[in-house]
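Asker: give me coordinates for this.
(chains A and B)
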Amino acid sequence: MRQSIRVVRALTRRALNEILRVPGAAIPGVLAPTIFFIGLSGAFGRAASLPGFHADDFRTFIIPVSILQGAGFTGAATGVNLARDIEHGWFDRLLVCPAPRVTLLAGIVASAAIRALIPATFVLTVALCVGVHWPGIDGLIITFILAMGLATVMAFWSAIIALKFRTQQAAPLMQVANFILVLFTSAYAPLALLSGWLRHIAEVNPVTQVLEGARQGFVGSVTWHQTWQALLAIAGLQVVLGLFAVRSMRRYGV
Amino acid sequence: MLRASLALARRALSTTLRRPQFLAPLVIFPSLFLAINTGGLHRSTNLPGFPHVHGFLDFQLAAAMVQSLMIGGVGAGIATALEIEGGFFDRLVASPIPRVAIPLGRIMAGSVIAAMQVVYFLIIGLVFGAHIAAGVPGVLMVLLIGVVAGTGFCALGVMLALRARNASTVQGIFPLVFVALFISSAFFPRRLLSHPADWAAAYNPLSYVADGIRDPIISPITATTAIEGLAAALLIAALGIGLSVAALRGRLREA
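Answerer: Prediction:
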């Protein structure tokens, strides 16, 4: 067990070193959610004056979406890096080391959770500078935990894709899942204001619960009811995609 | 020159159509945004000052088309950069054809792809309940402005590739597509944009292209909007082609 933790820490450190050595690689993950936050606020800001919109400012309503989007991008980027390691043969060398494959996967996923804090902090700082409400310490902690959780979910997904296709060209498949999961929710408007088909999708999409959990501190007060639903949703996604990722990892190269 | 340009355009078109990884982003991302914007903000048509439209989908179609055409420009740039990286561009330069035909061929292929993109979104719109208020002349107007603007975006992509010479730099331009769109009236009426996006939108040619494409969809053709849309698209096309030819000359001088 102690050996496994050491491997996970080493793999996480390797992924974090990459940020220092290739800072340019982290820029898209930070830039994209920030652009979306500022752009969507500028374009659709007046939508907050619609009857039934339970936030007095569209920026405050949309900021958790951008934080989760950034986390998702980071998770997907982990899969792209894994595909690159497969293409370059580094992953094959990793497989011959005496560490269980689950441990290798845990290292990859753990790095995504930690890296997700970078875009989340950056977007939130920009948002606070342009006047978004302070969510409170409890709201902030819950938002960051959920962002880290979503990054691991997307890391599991992108690892499955990377192990299946073994090429960086599959990157759009990894990213598009993030778009679908995060945006086909109550991202742009409260559930009651969504059109019928989108409301049905949002109601069954577990990320809606995650988003509402992250949003609660920004648009109201933090409640245990909303929090446990969000945590349960993220845990469920982690378990399901984690199992598939472990399966892909065990079957790789066998 | 025309024969060489046409041959290169045919080649560029067939290689693009053979690679779904180049075509998918042109369709997938704008379609997703179209669905999400329409489903999420369909009540926006009730906002005071929102133009009279049959539905929010009708309004958003132009945004999806412009977005797709701009991503098409990035795609053309990436394809050109890959040809430079792979050495094919140098072989073309060494061959006995007018050199201007090299960017022109890629740009002509971009025009054809732009027409396909516009038709795709028109079909998507009609399937999901949009109306083209100006009828067949409206469709032709949408197609005209869309193809001219798409040609311009493609030319700008080629220019970037000739200057940058590597695909990853051109790929890095991708987020700017969204920046340019968000500070235009592509997604929302100009008078309802927040400040300073409303101010920027007034000077952004994309606003006029989007309004020109949107106008025949949501109302009978308005001469002023159509002329402004076409003029903005022509401006982008002329600028793009001029700059790409200049970039080619600069590159040949350095070689």
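Asker: buried sites along stretch B:172-192?
Answerer: Within stretch B:172-192, the residues that count as buried by 16 or more other C-beta atoms under 10 Å in any protein chain shown are B:172-175, B:177-178, B:180-190, B:192. No exception for glycine: its C-beta is placed from N, CA and C like everyone else's.
Asker: could you do stretch A:225-242 as well?
Answerer: For stretch A:225-242, the buried set under the neighbour-count rule, 16+ other C-beta under 10 Å, comprises A:Gln226, A:Thr227, A:Gln229, A:Ala230, A:Leu231, A:Ala233, A:Ile234, A:Leu237, A:Gln238, A:Leu241, A:Gly242.
Asker: for B:Phe187, helix, strand, or coil?
Answerer: Classification of B:Phe187 using DSSP: H, G, I helix; E, B strand; the rest coil returns coil.
Asker: OK, contacts around it?
Answerer: A:Ala43, A:Phe44, B:Asn37, B:Gln60, B:Ala63, B:Leu181 (C-beta atoms under 8 Å, 6 or more residues apart in numbering or on different chains).
Asker: excluding chain neighbours, what is closest to the third one?
Answerer: Just to be clear, that refers to B:Asn37. B:Gln60 (5.2 Å; C-beta to C-beta, 6 or more residues apart in numbering or on different chains).
Asker: likewise the last one?
Answerer: Spatial nearest neighbour of B:Leu181, excluding adjacent residues (C-beta to C-beta, 6+ apart): B:Gln67 at 5.9 Å.
Asker: one more: the fifth one?
Answerer: Excluding the flanking residues, the one nearest B:Ala63 by C-beta to C-beta, 6+ apart is B:Ala186, at 4.2 Å.
Asker: related to what we said a few turns ago, just to check, the residue nearest to B:Leu181 is in contact with B:Ser184?
Answerer: No. If you go by C-beta atoms under 8 Å, B:Gln67 and B:Ser184 don't touch, sitting 10.4 Å apart.
Asker: and the residue of the stretch 151-255 of chain B nearest chain A?
Answerer: With C-beta to the nearest C-beta, the shortest gap between the stretch 151-255 of chain B and chain A falls at B:Phe182, namely 3.0 Å.
Asker: so what's that residue up against?
Answerer: By C-beta under 8 Å, 6+ apart, the contact set of B:Phe182 is A:Ile35, A:Ile38, A:Gly39, A:Leu40, A:Gly42, A:Ala43, B:Ala197.
Asker: at 6 Å instead, please
Answerer: B:Phe182 sits next to A:Gly39, A:Gly42, A:Ala43 when contact means C-beta atoms under 6 Å, 6 or more residues apart in numbering or on different chains.
Asker: next one: A:Glu18
Answerer: So A:Glu18 contacts nothing (C-beta under 6 Å, 6+ apart).
Asker: next SSE after the helix or strand where it lies?
Answerer: Using DSSP states H and E, A:Glu18 falls within helix A:2-21. Per DSSP H and E, the first helix or strand lying C-terminal to helix A:2-21 is helix A:23-44.
Asker: need the residues that contact that next one.
Answerer: A:19, A:58-59, A:62, A:66, A:69-70, A:73-74, A:77, A:119, A:122-123, A:126, B:175, B:178-179, B:182, B:187-188, B:194, B:197.
Asker: make it 7 Å
Answerer: Contact with helix A:23-44 is made by A:18-19, A:58-59, A:62-63, A:66, A:69-70, A:73-74, A:77, A:118-119, A:122-123, A:126-127, A:188, B:41, B:175, B:178-179, B:182-183, B:187-188, B:193-194, B:197, as judged by C-beta atoms under 7 Å, 6 or more residues apart in numbering or on different chains.
Asker: quick one: mean pLDDT over that helix.
Answerer: Across helix A:23-44, the average pLDDT comes to 83.
Asker: thanks a lot, catch you later.
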